[in-house]
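Participant: Provided below for reference: sequence and predicted model.
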Amino acid sequence: MNSKENFSVSKYGRHYFEDVKKLWKEQYEPNYVSQRAILFKWLTEKNPFIGGDSPYFLLLHREKVVGMLGHMPLEFTVNGKKKRGYLSQDALLALNYRGKGLGKILLQGIAEQVISFAGAIWFNEPNYRLYLKCGWLDVPGFYPYLKILDPTPFIKERFKGRILQNVASFLAKNFLKIREGLRSSESFRQVRVSEIEQFDEQFDEFFLTVSGQLGIIVMRDHKYLNWKFVEKPFHNYKRYAAIDEKGDLSGYIVIKKQVIENEVRGKILDVLAHPDKPKVFAALISRGMEEFKKVKVSYVEIVCTHSPFNKLLRKLGFIRARSPLRFMVCNWENQFSEQFMGDIKNWYLTYSDVDGDAWEIDSADKW
């Protein structure tokens with residue numbers, strides 16, 4: 001490998017697009033490359049918060065693109081006050097350039113060019129160690145929650161033999177039915193939850209009303225919500241809004257179904273409810289579960305870091321996953337304390353803040 005002096009970090013511009021596609025072509029199937037190109041343009045050209053920032057940075061070796069990393073510009077609110085920030089995502093190095101310490105050059109190059117804080121979610125072990133070496137702060141306690149509707153796939157993983165699997169599946173299904181029957185849903189029936197096609201300006205006022213109670217959160221105004229959940233190519237999202245008993249908009253939820261190896265799974269991508277109205281959160285989750293049951297999902301996943309909402313999830317039959325996801329932050333030192341930034345309870349994060357879904361080609365099957 002040539003001297004690291006031959007490498008540089010540059011902001012992405014449209015003139016680099018064909019070079020980026022060459023990087024993808026050595027690692028992805030041709031059909032997915034064309035789909036990924038559509039998604040990439042949606043991410044980099046439609047983001048309503050992009051301003052004059054670059055959404056990606058490129059690692060160049062003598063002007064050749066050999067690596068890339070998303071550094072998505074976003075508006076956050078911190079205890080209700082607007083703050084510029086970023087979410088790091090989509091790291092990729094050319095195959096012949098891996099394992100040579102170049103990821104550190106890319107991360108350091110970005111840190112030199114961007115001064116506002118950034119978060120990053122979901123790492124494999126090598127990337128996690130790399131980010132630690134580059135000074136990123138680990139924020140523990142970022143757990144997904146699951147609700148199992150059909151235990152059969154889990155039982156097949158844990159038990160050998162068809163008879164044992166059938167018996168265990170029968171017992172587990174009946175246990176889940178009994179447990180679900182004991183839950184009362186009458187307390188939130190007064191909340192009206194309706195499907196919506198898009199988000200209007202009412203959601204701007206709603207977000208401003210609740211954001212001051214949610215710590216650090218990406219600003220979910222109607223432009224951002226429509227970009228993420230209406231304009232995104234290849235999606236099968238369903239969107240719902242909640243109106244409380246007084247007739248006020250008090251929350252929303254976005255859900256999707258996934259078909260993985262012939263197994264149907266449910267994912268709650270995003271949910272936001274008024275923190276002072278737990279009935280609204282419960283009503284939104286319950287409506288999502290109704291839709292998931294119709295398509296017979298095996299289980300439902302959600303990530304939500306707001307502690308009171310997690311308590312409600314447990315009451316609604318969700319269990320915390322054994323293993324956490326990883327969340328890390330950088331460039332916070334001149335703006336916040338480590339104690340504040342390093343406490344997951346001071347963040348409001350959902351699956352919508354993770355970039356993995358942005359690259360998925362969802363099934364076009366109707367619900």
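Facilitator: Right, received. Where do you want to start? Since we're looking at a predicted model, the values are computed, not measured.
Participant: switch to C-alpha atoms for all contacts and neighbour counts from now on
Facilitator: OK.
Participant: break the chain into its domains for me.
Facilitator: Domain assignment for the chain, taken from automatic domain parsing, gives 4-116, 144-323.
Participant: okay, now the sheet partners of the longest strand along the chain, with direction.
Facilitator: Longest strand in the chain by number of residues, with DSSP state E as the criterion: strand 64-78. Looking at strand 64-78 with DSSP bridges, its partner strands are strand 56-61 (antiparallel), strand 81-93 (antiparallel), strand 216-218 (antiparallel).
Participant: and those as TSV, adding mean neighbour count?
Facilitator: Output for the strands paired with strand 64-78, formatted as TSV (neighbours: other Cα atoms under 10 Å):
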stretch	mean neighbour count
strand 56-61	22
strand 81-93	18
strand 216-218	23
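Participant: okay, the ones you listed in TSV with distance to residue 279 and mean pLDDT next?
Facilitator: As requested, the strands paired with strand 64-78 are exported to TSV (distance: least, Cα to Cα, whole Å; pLDDT from 0 to 100):
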stretch	distance to residue 279	mean pLDDT
strand 56-61	40	97
strand 81-93	27	96
strand 216-218	22	98
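Participant: of all the ones you listed, which one is nearest residue 259?
Facilitator: Nearest to residue 259 among these is strand 81-93; the distance by Cα to Cα comes to 22.5 Å.
Participant: for the closest one, the distance to its chain's centre please.
Facilitator: 12 Å (Cα atoms, centre = their mean, to the nearest Å).
Participant: what comes into contact with that strand?
Facilitator: For strand 81-93, the surrounding residues in contact (Cα atoms under 8 Å, 6 or more residues apart in numbering) are 23, 66-77, 103, 116-121, 212, 353, 355.
Participant: among those residues, name the buried ones.
Facilitator: 23, 66-77, 103, 116-121, 353, 355 (16 or more other Cα atoms under 10 Å).
Participant: where in the stretch 101-250 of the chain is pLDDT low?
Facilitator: 151-188 (pLDDT under 70).
Participant: which parts of it are strands?
Facilitator: Here the stretch 101-250 of the chain has its strands, by DSSP state E, counting those that start in this stretch, at 118-121, 137-138, 144-148, 192-196, 216-218, 238-243, 249-260.
Participant: show me which residues of the helix or strand following the last one are buried.
Facilitator: Which is strand 249-260. Note on strand 249-260: by DSSP states H and E, the next helix or strand toward the C-terminus is strand 263-273. Buried residues in strand 263-273, defined by neighbour count with 16+ other Cα under 10 Å: 264, 265, 266, 267, 268, 269, 270, 271, 272, 273.
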